[in-house]
Structure formats: C-alpha cells, structure tokens
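Colleague: With the sequence up front, the predicted model follows.
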Amino acid sequence: QVQLVESGGGLVQAGGSLRLSCAVSGRTISGYEMAWFRQTPGKERDFVALINWSSSITDYADSVKGRFTISRDNAENTVYLQMNSLKVEDSAEYYCAVKATYYYTPRRPHEEYDYWGQGTEVTVYS
C-alpha cells in the first residue's frame, strides 16, 4: 500500500515562503515521477510542478515559475516544494502525487498519476 503524506502547509503573509514535504511509504519513489497539484473549492485540481525520477527534468505551471522549486530526496523517499514570494492566489489545498511507472515520461495531467496524498492547506493573506 503506497501512502503519501504532505506536510508544511500553513498561514503565511504574501511575499513569504513555505516548504511543503511529501513523505512516501510503501514503495520506493526512485524511478518514479512525482508532482504537486493544488485545488481550491469548486475548481479543478491544477498542476503546479513535476520532477522526473532522476531530477533531470522539472516542469512548472506558468503561474509559479520562478517562485516555486520542486526537488526530491530518493534516499528519504520524500519530495519537496519550496514556495517563495507567495501570493494570495497561491492559497489552496496542495497535493503530491506519484506516477508508479518506472522512468515514465513526465506529464502534467492529474489523470496520469496513480497515488495521491490527503493534501496540506496553504493560506496566503495580504
């Protein structure tokens, strides 16, 4: 059973930073693509960032490019999302996800991903 647990969300003033973590258990993530998504009530789950198995490929939504950084520590079975220069519009529930196919070509659509965490809430106030 693969489990993903996000942490690091919270309340932060606009312009501030947060670092989200996603700890995975039940399967090693080395070889798998990982991603972060976010969702606000009544809206679709939106792509935020992805990283391939070797960290050689990353991809970001235009809205976060230059402000967010995705990284991974395969030895710790953990993926991170460093969020800087936060804006009010970044407020959302943030989810990490794993594509449990070895060496898969990274893709954005949330339907591509096999396992999801329960989310961590980020609230940015002005």
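Modeller: Structure's in. What do you need?
Colleague: residue boundaries of the strands in this protein?
Modeller: For the chain, the strands defined by DSSP state E occupy 3-7, 10-13, 18-25, 33-39, 46-51, 58-60, 68-73, 78-83, 92-99, 115-116, 120-125.
Colleague: gap between the closest residue to Ser55 other than its chain neighbours and Val12?
Modeller: Among residues not flanking Ser55 along the chain, Arg72 sits closest, at 5.9 Å (Cβ to Cβ, 6 or more residues apart in numbering). C-beta here means a position set from N, CA and C on the backbone, and glycine is covered the same way. Distance, Arg72 to Val12, by Cβ to Cβ, to the nearest Å: 23 Å.
Colleague: With Asn77 instead?
Modeller: For Asn77, the distance to Val12 - Cβ to Cβ - is 26 Å.
Colleague: How about the spatially most central residue of the chain: what's its closest non-neighbour residue?
Modeller: Against the mean C-alpha coordinate of the chain, by Cα atoms, centre = their mean, the closest residue is Trp36 at 2.2 Å. Distances taken as Cβ to Cβ, 6+ apart place Val48 nearest to Trp36, at 4.3 Å, with adjacent residues excluded.
Colleague: residues in contact with the one you found?
Modeller: Contacts for Val48 were tallied using Cβ atoms under 8 Å, 6 or more residues apart in numbering; they are Ala35, Trp36, Phe37, Arg38, Tyr60, Ala61, Val64, Phe68, Leu81, Tyr94.
Colleague: Please apply the same query to Val24.
Modeller: Val2, Gln3, Leu4, Val5, Asn77, Thr78, Val79, Val98.
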